[in-house]
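*Asks:* Here is a sequence with its predicted model. Questions after.
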Amino acid sequence: MSLISLVIPVYNEEESLVELYSQIREALEPSTHEFEVLFIDDGSQDKSLQIMHELASEDPRVKTIGFQRNHGKATALNTGFQKCEGDYIITMDADLQDDPKEVLELIEILDSGWDMVSGWKKDRKDPLGKTMPSRFFNFVTRLMTGVKIHDFNCGIKMYKNAVVKTLDIYGGRHRYIPALAGQKNFKVSEIIVNHRPRIHGETKYGGGRLFHGFFDLLTILFLNRYTQRPLHLFGFFGLFCILIATGCEMFTVYDKLVNGIPFQQHFALIVFGAMVFVLGLWFFSIGLIAEMIVAGQQGKEDRVKNIVG
């Protein structure tokens with residue numbers, strides 16, 4: 001019998017928690033799967049943590065983790081991923097917009113050969129000011145990462161255990177979990193899910209999220225491309241600087257030999273060329289040191305997806 005772990009970040013959702021817990025029980029208790037619910041309170045200012053403790057005291061399947069202050073959704077998810085024990089891990093928001101009835105269908109998709117399934121809020125029950133930036137964000141992410149899904153930031157997702165144990169989520173990287181999984185060659189699919197309008201509380205969506213998300217995307221693409229090959233990056237800049245320095249020095253020599261211009265008149269250019277040459281060597285040195293660090297880290301990352309036999 002498999003175990004389902006539901007990882008649910010919570011921030012000021014006191015009005016939704018009891019109803020969400022009731023819906024989870026209603027959806028999963030008739031099934032043959034066991035389940036656990038991990039509520040991670042991200043420094044709520046209301047009674048969310050108190051309600052979570054009450055639910056945990058009534059049902060041993062409910063576990064609670066409370067942060068001293070608000071650290072963000074990524075930290076909450078990462079903590080839940082570290083603590084969960086299920087064969088299947090599902091994430092969902094605590095605002096009742098995600099429907100727990102989707103869980104069993106998500107399991108069927110995983111069992112058909114996928115490693116991760118992301119929800120797609122095709123009929124999204126949010127205001128236009130939230131949906132339009134999100135569509136643009138998803139289009140750019142799909143284009144730049146090559147992961148062909150429509151909704152990267154949908155709250156409801158399901159993963160096999162091996163996926164979440166290899167992910168390192170921090171900052172704003174929770175928006176790109178499908179891209180991160182795809183970079184590690186896990187098979188990512190999606191399914192249209194029932195997205196419900198928010199009934200209680202206020203949205204945590206901020207106007208700056210799209211702006212921050214763009215830089216988070218660049219960070220992920222950069223790290224994926226150069227983390228294992230740092231000399232490719234620093235070596236490029238080093239070579240560029242050395243070529244500039246060489247051009248400067250060759251120009252002064254040419255001007256001296258062809259036009260008779262003394263080196264003294266190009267003193268500033270000669271000094272500039274020497275400084276840029278040293279900068280190029282510095283880039284190469286940093287790249288080589290980074291390569292040594294990467295080589296020393298080899299073997300520490302869990303690269304095994306599964307073992308058969």
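*Replies:* Received it, and whenever you're ready, just let me know what you need.

*Asks:* so residue 34 makes contact with residue 1?
*Replies:* Yes: checked against Cβ atoms under 8 Å, the pair residue 34 and residue 1 is within contact range at 5.8 Å. C-betas here are computed from N, CA, C, even on glycine.

*Asks:* shared neighbours, these two?
*Replies:* Applying Cβ atoms under 8 Å, 6 or more residues apart in numbering, one finds that no residue jointly contacts residue 34 and residue 1.

*Asks:* between the two, who's got more neighbours?
*Replies:* Each of residue 34 and residue 1 has its neighbours counted (other Cβ atoms under 10 Å); residue 34 has more, 14 against 6.

*Asks:* Skipping adjacent residues, who's closest to that one in space?
*Replies:* residue 3 (4.9 Å; Cβ to Cβ, 6 or more residues apart in numbering).

*Asks:* That neighbour and residue 18, how far apart?
*Replies:* Distance of residue 3 to residue 18, given as Cβ to Cβ, to the nearest Å: 23 Å.

*Asks:* Those two: which has the busier surroundings?
*Replies:* residue 3 (15 against 12).

*Asks:* Quick check: phi and psi at the more buried one.
*Replies:* Dihedral pair for residue 3: phi -110, psi 130, per degrees, to the nearest 10.

*Asks:* Can you show me the strands along the stretch 101-250 of the chain?
*Replies:* For the stretch 101-250 of the chain, the strands defined by DSSP state E, counting those that start in this stretch cover 116-120, 157-160, 188-192.

*Asks:* okay, these in a markdown table with distance to residue 230, mean neighbour count and mean pLDDT next?
*Replies:* Below are these laid out as a markdown table (distance: least, Cβ to Cβ, whole Å; neighbours: other Cβ atoms under 10 Å; pLDDT from 0 to 100):
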| stretch | distance to residue 230 | mean neighbour count | mean pLDDT |
| --- | --- | --- | --- |
| strand 116-120 | 28 | 25 | 90 |
| strand 157-160 | 29 | 27 | 92 |
| strand 188-192 | 27 | 19 | 90 |
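
*Asks:* Among those, which comes closest to residue 97?
*Replies:* strand 116-120 (10.5 Å; Cβ to Cβ).

*Asks:* Make a markdown table out of the strands of the stretch 101-250 of the chain and add distance to residue 12.
*Replies:* Listed next are these as a markdown table, based on distance: least, Cβ to Cβ, whole Å:
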| stretch | distance to residue 12 |
| --- | --- |
| strand 116-120 | 23 |
| strand 157-160 | 22 |
| strand 188-192 | 29 |
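
*Asks:* between those, which gets nearest to residue 78?
*Replies:* strand 157-160 (13.0 Å).

*Asks:* And the helices in the stretch 51-200 of the chain?
*Replies:* Assigned by DSSP state H, counting those that start in this stretch, the stretch 51-200 of the chain shows helices spanning 73-83, 103-111, 128-145, 161-164, 177-183.

*Asks:* Kindly report which one of those helices carries the lowest mean pLDDT.
*Replies:* Mean pLDDT per stretch puts helix 128-145 lowest among the helices of the stretch 51-200 of the chain, at a mean of 74.

*Asks:* so residue 170 sits right up against residue 78, yeah?
*Replies:* Yes: contact criterion Cβ under 8 Å: residue 170 and residue 78 qualify, at 6.4 Å.
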